[in-house]
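Engineer: below is the sequence, then the predicted model.
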Amino acid sequence: MKLYIKNMVCQRCIMAVQTILKSLHLKYNYVILGEIEIENNINETEKQSLSTKLQEIGFELIDDKKHQIIEKIKNYVIQFIHHDKESLKINLSNFLSSELGYEYNYLSNLFSEVEGTTIEKYVIIQKIEKVKELIVYDELSLKEIAFQMGYSSVAYLSNQFKKVTGLTPSHFKTIGQQKRVSLDFL
């Protein structure tokens with residue numbers, strides 16, 4: 001039995017869901033971003049208990065097919081941007097169509113209808129979140145970050161970064177360094 005979960009974004013989310021499943025003595029085949037497969041069908045009481053436990057940590061069971069598709073799109077985008085450097089080189093629209101079994105136009109329209117934004121804007125927001133993370137780590141130059149994230153130039157990355165955050169990457173980095181220094185004195 002497959003169940004779909006909203007708001008899972010990282011490995012810690014997977015581990016948290018696994019912990020809940022174990023605490024409820026629900027055997028599962030796998031837990032991935034946004035999806036779990038329970039070994040056996042569960043009754044309504046077990047499902048409600050699972051739902052309650054998930055809500056306590058900010059997750060939500062999704063029963064509606066449209067929302068399941070939206071969550072899968074989000075999870076693929078997050079996987080691409082945050083966890084798989086090579087994936088930025090493939091065509092996301094073709095990949096989503098292939099994986100989800102729907103025309104990209106349908107997926108794009110559904111995403112916009114339900115989320116109030118486009119898949120492309122969601123991708124940009126996720127990319128900028130990853131760029132912010134890389135800037136804070138301070139291990140790569142902005143040029144290296146731009147290359148790693150699939151931007152054609154530092155200028156293009158900087159323009160997109162400013163549109164999303166209201167700050168230039170260098171100003172964001174300065175703010176991050178100031179916060180680290182102030183935390184060192186606590």
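Structural biologist: Done, it's in. Here the structure is a predicted model, which is why all the values come from computation and not from measurement. Residues are numbered from 1 along each chain as shown.
Engineer: okay, now the unreliable bits of the chain?
Structural biologist: In the predicted model, the chain carries pLDDT under 70 at residues 84-89, 177-186.
Engineer: strands of that one, residue ranges please.
Structural biologist: 2-6, 28-32, 35-38, 60-62 (DSSP state E).
Engineer: could I get those strands as TSV with mean neighbour count and distance to Phe111?
Structural biologist: C-betas here are computed from N, CA, C, even on glycine. Listed next are those as TSV, based on neighbours: other Cβ atoms under 10 Å; distance: least, Cβ to Cβ, whole Å:
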stretch	mean neighbour count	distance to Phe111
strand 2-6	19	14
strand 28-32	14	20
strand 35-38	18	18
strand 60-62	17	14
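Engineer: want to throw those into CSV with distance to Ile119?
Structural biologist: Below are the strands of the chain laid out as CSV (distance: least, Cβ to Cβ, whole Å):
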stretch, distance to Ile119
strand 2-6, 17
strand 28-32, 20
strand 35-38, 19
strand 60-62, 18
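Engineer: from what I see, Trp6 and Asp64 are in contact.
Structural biologist: No, residue 6 isn't Trp; it's Lys. No: contact between Lys6 and Asp64 fails when scored by Cβ atoms under 8 Å: they sit 10.2 Å apart.
Engineer: what ranges do the helices span in this structure?
Structural biologist: 11-23, 44-56, 65-78, 92-100, 104-115, 119-137, 142-148, 154-165, 169-184 (DSSP state H).
Engineer: reformat those helices as CSV; add mean neighbour count.
Structural biologist: Formatted as CSV, the helices of the chain follow (neighbours: other Cβ atoms under 10 Å):
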stretch, mean neighbour count
helix 11-23, 15
helix 44-56, 14
helix 65-78, 19
helix 92-100, 15
helix 104-115, 15
helix 119-137, 17
helix 142-148, 17
helix 154-165, 16
helix 169-184, 12
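Engineer: for Lys2, find the nearest of those.
Structural biologist: Nearest to Lys2, of all the helices of the chain, is helix 65-78, at 9.2 Å by Cβ to Cβ.
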